[in-house]
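Q: based on what follows, work out the 3D shape:
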Amino acid sequence: MICYNDFRQRLASVYDAAEASAIARLVYEKRCSLSLADILVGKDKQLSADTYEDLEKTLLRLVESEPVQYVLGFAEFCGREFEVNPSVLIPRPETEELCRLVKPMKDVRILDACTGSGCIAITLAASMENAEVWAFDISEEALEVARRNAKSADKNVHFLQCDALKMEEKLDDETFDIIVSNPPYVCEKERISMDRNVLEHEPGLALFVPDDNPLLFYTAITRYAARHLRPNGRLYFEINPKYADEIGDFVNLQGFTQVNIISDSFGKSRFVEARI
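A: Have a look, this model is predicted:
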């Protein structure tokens with residue numbers, strides 16, 4: 001039998017104390033339906049044998065640095081729970097900020113490039129009246145997750161498989177009012193500084209770009225956007241702060257105006273917003 005304090009202490013061998021406590025509380029809430037108040041009165045010591053067995057299996061995965069979101073099968077994002085598994089990135093708080101940057105409009109067509117779990121596309125579909133939302137990813141496994149998330153949220157999103165470097169092949173005849181993307185932007189050389197739970201478990205296809213071409217996806221998506229955004233259309237990116245100026249300059253050179261580099265809540269240059 002493993003109680004909450006044992007669970008938390010064993011997690012502390014991998015995570016710092018605050019993170020271990022947060023993960024333990026989340027697991028007990030979602031797997032055992034126990035609040036912190038329940039734990040304080042000893043209900044964590046009154047669980048079934050099957051539940052204790054499940055907690056042990058969960059703990060073994062967590063101490064191997066598997067992200068708790070993959071272990072539980074979901075991540076919270078903008079007030080919703082999204083299914084996640086190792087075929088999609090775990091949505092980050094910075095990407096929630098990206099969604100909040102996208103200015104609400106009515107009767108618009110939106111394209112989410114490199115959608116992953118579909119969290120951006122679905123969140124925007126929920127926040128805009130009569131929006132027609134399209135989203136693509138190169139990974140069919142990721143799209144399967146995104147489609148299930150859209151169904152669970154009861155939101156209509158048109159998903160398709162597409163390579164962001166070959167958008168014209170699938171989307172040549174389309175135009176949009178908003179194009180938004182959180183594409184791969186971590187350089188290969190940055191692997192050395194990454195946490196084990198990210199490097200060993202999240203999909204490299206959605207993370208990494210070559211060291212000699214860090215703007216690979218930004219250039220392709222920006223060029224497509226310059227040709228396929230409608231008048232006064234808007235482009236939004238989540239970016240690698242190390243290349244903020246270069247990305248902003250490139251977007252400007254492609255004919256966009258009002259190109260703004262926007263900081264996230266930690267003060268890092270994290271987003272680009274521009275108008276055609």
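
Q: distance between the helix or strand bottoming out on mean pLDDT in the chain and the chain's centre?
A: Every helix and strand in the chain was compared by mean pLDDT, DSSP states H and E; the lowest is helix 196-199, with a mean of 87. Computed by CA atoms, centre = their mean, to the nearest Å, the chain-centroid distance of helix 196-199 equals 15 Å.

Q: please apply the same query to stretch 183-194.
A: Distance of stretch 183-194 from its chain centroid, counting by CA atoms, centre = their mean, is 16 Å.

Q: same question, stretch 143-150
A: For stretch 143-150, the gap between its own C-alpha mean and the chain's C-alpha mean amounts to 13 Å (CA atoms, centre = their mean).

Q: can you list the buried residues in it?
A: Going by neighbour count (16 or more other CB atoms under 10 Å), the buried part of stretch 143-150 is 143-146, 149-150. The way it works is simple: take the backbone N, C-alpha and C, and place the C-beta from them, glycine included.

Q: re earlier: may I have the least confident helix or strand of the chain as CSV, with CA atoms only?
A: Taking C-alpha atoms only, helix 196-199 is exported to CSV below (Å, rounded to 0.1, in the frame of the first residue of the first chain):
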residue,chain,number,x,y,z
ARG,A,196,14.9,14.4,-19.7
ASN,A,197,11.1,14.2,-19.6
VAL,A,198,10.9,16.3,-22.8
LEU,A,199,13.8,14.8,-24.7
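
Q: what's it packed up against?
A: Based on contacts counted as 3 or more CB pairs under 8 Å, 6 or more residues apart in numbering; DSSP states H and E, there is no element that helix 196-199 packs against.

Q: pull out the buried positions in that helix.
A: By neighbour count on 16+ other CB under 10 Å, the buried set for helix 196-199 is 197-199.
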